[in-house]
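J.: Model the following, please.
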Amino acid sequence: MDRAELVRLLGAHPVVAEPRDVVVEERDPARFMAAFTDAVAAGGNVFIADPAWGQIERAQFNALSARASNSTMEGVASGFGWLCLPTGGSSGAIKLARHDEETLSSAVNGFCEHFGVRKINAVGLLPLNHVSGLMAWMRTVLTGGEYRACDWKVLAAGGRPALPVDAGDWFLSLVPTQLQRMLADPEAVDWLRGFRAVFVGGGPSWPELIEAGARAQLPLAFSYGMTETAAMVAALRPSEFLEGRRGSGTPLPHARITLDGESGVVIEAGSLFRGYWPEFRAAGPWSADDTGVFDEHGSIHLLGRRDALIITGGKKVDPFEIEAVLRATGEFADIVVVGVPDREWGEVVVACYPPVGTGPYFDRVSREIGARLAAYKHPKRYIAVPVWPRNAQGKVNRAELIRLALG
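T.: Residues are numbered from 1 along each chain as shown. This next block holds a predicted model:
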């Protein structure tokens, strides 16, 4: 597929003029889709911006999108890397991952083959300026399916769109906290059962949530991917999930995932980004910031990000391991463990949580973690954070929690 074909599938005609760069920054789904279509048809580079950014992130984006280089012009001429998708911002500086019609179509083709579908229909809850939301729409565009944008607040209040049974397979993406809320509503659970697959991403899912989904016989599909890979490169099929398999599934046909000597994830894929704007990366495998292991079925289980490790007293601590234990106590509505700089220990383990009701009961928490975790992994402090810092995709801003913990 070339860019002209993508323009046609989007319902437009290429602009017969000098290519021009366009920034797309729309919160409303309909306006985003119209602006994106026009931007792709304009023939130049397309920069996606997030309307929810603050001053710092916006300044970073403006500085990046204004940059130009010889490699930029080569990219436009060759047709590579014209779509610049933002990544980072919640825990570091904004980067713009470069994609194009080839990387997008590779991701969609791999998705179709992995799930055995030809036409994809999607209910879109995630913002289109994020790769998960954008790719949900792109799958429908490239396969001739239907895309229905839906507001989470409307959905949570019971406004669930009907899924025509004769229109093909329907897919939905949720973040873990959305799934948790829907599991409490029997009518919402019945609605979720009507999907071919309900993807769960945007953050780690805790064991109790996963097993609650299994008990409800939901077609859940836990997946692994990122902006640099045009969304998922591995996914657990719903049938596998309901058979009792776990993890983030096997690699999609367009991708190959291996582990380096330190359990670091290495990805090769047709959907792999071309580089970070304004540069291009060398062709070949790319090392992600994640660590993982494969189980006997070939499903990858993510252990956490390399850069999220806490080093306290010379010992390495995985915050996601501690979070899983703390969630299992049932005392926290949500929990995030961070490392906070400390003169004596280098870093100390701090657990942040949103206060709900009269809990948590720390006597029970202490008993649970005392039985399951080594002493050096125990949080030294617990901090109640009334305004829980999540972005539009449901990811927690860990950098902001560290700032609050330092204050």
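J.: so residue 107 makes contact with residue 230?
T.: Yes: the pair residue 107 and residue 230 qualifies as a contact (C-beta atoms under 8 Å) at a distance of 3.9 Å. Yep, even glycine has a C-beta here, placed from its N, CA and C like the rest.
J.: what sits in contact with each of these two?
T.: With C-beta atoms under 8 Å, 6 or more residues apart in numbering applied, the overlap between the contact sets of residue 107 and residue 230 consists of 135, 271.
J.: domain parsing for the protein?
T.: The domain map for the chain lists 3-101, 102-268+283-305, 309-406, with the assignment taken from automatic domain parsing.
J.: tell me which helix or strand of the chain sits lowest on mean pLDDT?
T.: When each helix and strand of the chain is scored by mean pLDDT, DSSP states H and E, helix 70-78 comes last, with a mean of 49.
J.: name the helices or strands packed onto the helix or strand just after that one?
T.: Reading on from helix 70-78 to the C-terminus, the next helix or strand found by DSSP states H and E is strand 83-87. Packed against strand 83-87, as judged by 3 or more C-beta pairs under 8 Å, 6 or more residues apart in numbering; DSSP states H and E, are the following elements: strand 43-48, strand 95-99, helix 131-143.
J.: closest to residue 337 out of these?
T.: When the helices and strands packed on strand 83-87 are compared by C-beta to C-beta, helix 131-143 sits nearest residue 337, at 24.1 Å.
J.: Distance from the closest one to the middle of the chain?
T.: Helix 131-143 has its C-alpha centroid displaced from the chain centroid by 14 Å (C-alpha atoms, centre = their mean, to the nearest Å).
J.: which residues of the stretch 151-300 of the chain fall in strands?
T.: Secondary structure of the stretch 151-300 of the chain by DSSP state E, counting those that start in this stretch: the strands cover 169-174, 197-200, 220-226, 231-235, 250-251, 255-259, 264-269, 286-294, 300-305.
J.: Nearest to residue 15, out of these?
T.: Ranking those by their distance to residue 15 (criterion: C-beta to C-beta) puts strand 231-235 first, at 27.6 Å.
J.: what inclination does that closest one have with respect to strand 169-174?
T.: Strand 231-235 runs at 110 degrees relative to strand 169-174, counting by axes from the mean of the first three to the mean of the last three C-alpha atoms, to 10 degrees.
J.: Could you tell me how far strand 231-235 lies from the centre of the chain?
T.: Averaging C-alpha coordinates over strand 231-235 and over its chain gives two centres that are 10 Å apart (C-alpha atoms, centre = their mean).
J.: Name every strand pairing with that strand and say which way it goes.
T.: Within its sheet, strand 231-235 is paired with strand 220-226 (antiparallel), strand 250-251 (antiparallel), according to DSSP bridges.
J.: I would like the residues contacting the longest one, please.
T.: Spelled out, it's strand 220-226. When contacts are defined by C-beta under 8 Å, 6+ apart, strand 220-226 is touched by residues 87, 131, 179, 197-201, 205, 210, 213-214, 231-238, 241, 246-249, 288, 300, 302.
J.: now do the shortest one
T.: With contacts defined as C-beta under 8 Å, 6+ apart, strand 250-251 is touched by 233, 234, 235, 236, 257, 297, 298, 299, 300.
J.: out of those residues, which one sits closest to residue 121?
T.: Of all the contacts of strand 250-251, the one sitting nearest residue 121 is residue 235; the distance, using C-beta to C-beta, is 17.3 Å.
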